[in-house]
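Q: requesting a structural model of the entry that follows:
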Amino acid sequence: MSKWEWILYAAAAYIAVMTLVRFMRQRRNALTTQLRKAFDEEHARALEAMKKQKRRDEEEKRQTVFEQMLEKSRDAA
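A: Numbers count the residues shown, from 1 in each chain. Okay, here's the model as predicted:
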């Protein structure tokens, strides 16, 4: 093989490797973005579920206190 063939093969290999690296970086960035979005959505759902549970617990506590007060007022009467 001549010197020019080696130079052409080396240039072709370099271009191929650099192209592959660029594609891999793009794919990594796309996956990172996709996973971050999914994580943020799941986190938001979890926060909303915790808020709803907290509201239910507070309402249940209020209802229990109200029923206890109602029982005391019935017993007193």
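
Q: contacts and neighbour counts: CA atoms only from here.
A: OK.

Q: what helix or strand is the most centrally placed residue in the chain located in?
A: With distances taken as Cα atoms, centre = their mean, residue 39 lies nearest the centre of the chain, 0.3 Å away. Secondary structure assigned from DSSP states H and E places residue 39 in helix 3-76.

Q: shaky segments in the protein?
A: Of all residues in the chain, those with pLDDT under 70 make up the ranges 77.

Q: can you do 90?
A: Along the chain, the model assigns pLDDT under 90 to residues 1, 70-77.

Q: how far out from the middle of the chain is the helix holding residue 39?
A: Remark: helix 3-76 is offset 1 Å from the chain centroid, using Cα atoms, centre = their mean, to the nearest Å.

Q: returning to what we had before: mind checking how far the residue nearest to the centre of the chain is from residue 19?
A: In this structure, residue 39 and residue 19 are 30 Å apart, going by Cα to Cα, to the nearest Å.

Q: could you do residue 3 as well?
A: With distances taken as Cα to Cα, residue 3 is found 24 Å from residue 19.

Q: and residue 32, by the same measure?
A: Residue 32 sits 20 Å away from residue 19 when distances are taken as Cα to Cα.

Q: could you do residue 66 as well?
A: Note on residue 66: its distance to residue 19, by Cα to Cα, is 70 Å.

Q: then residue 63?
A: Distance, residue 63 to residue 19, using Cα to Cα: 66 Å.

Q: also residue 56?
A: According to Cα to Cα, residue 56 stands 55 Å off from residue 19.
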